[in-house]
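Novice: Attaching a predicted model along with its sequence, questions to come.
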Amino acid sequence: MRSELVFLAGIKIENRFLLSSTVMRAVRMLHINSTRTEDTVNRVFEEVGKGCYAHGELPEIVPPPPIDVLMIAPLV
């Protein structure tokens, strides 16, 4: 059952890391202590599959600095 929910949510958010972080943020916000965590996770996956908790934009990727800048100058 959950694999179907994950699959449907994965269609809305293709990046797996972004999907897992989005789901866990929503679970932390929506979880009620008197309910099972599994039920909250399933409900969040259903809502992400419907498009309720998708992020608007991905952050811009910044390239790492060149390696030669990171090298330590030799001792003379």
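Specialist: Yes, it's here.
Novice: rest of the way, CA atoms for contacts and neighbours
Specialist: Fine.
Novice: can you give me the helices in the chain?
Specialist: In the chain, the helices defined using DSSP state H lie at 2-12, 16-30, 37-50, 67-70.
Novice: Low-confidence regions, the protein specifically.
Specialist: The model of the chain has pLDDT under 70 over residues 53-59, 67-76.
Novice: okay, the helices of the chain, which one's buried deepest?
Specialist: Highest mean neighbour count among those (mean count of other CA atoms under 10 Å): helix 37-50, with a mean of 19.
Novice: what helices or strands is it leaning on?
Specialist: Judged by 3 or more CA pairs under 8 Å, 6 or more residues apart in numbering; DSSP states H and E, helix 37-50 is in contact with helix 2-12, helix 16-30.
Novice: one step back: out of the helices of the chain, the one nearest I61 is which?
Specialist: When the helices of the chain are compared by CA to CA, helix 16-30 sits nearest I61, at 13.9 Å.
Novice: Distance from that closest one to the middle of the chain?
Specialist: Its chain's average C-alpha position is 6 Å from that of helix 16-30, according to CA atoms, centre = their mean, to the nearest Å.
Novice: Could you export the helices and strands packed on helix 37-50 as a markdown table, including distance to P64?
Specialist: Below are those laid out as a markdown table (distance: least, CA to CA, whole Å):
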| stretch | distance to P64 |
| --- | --- |
| helix 2-12 | 28 |
| helix 16-30 | 20 |
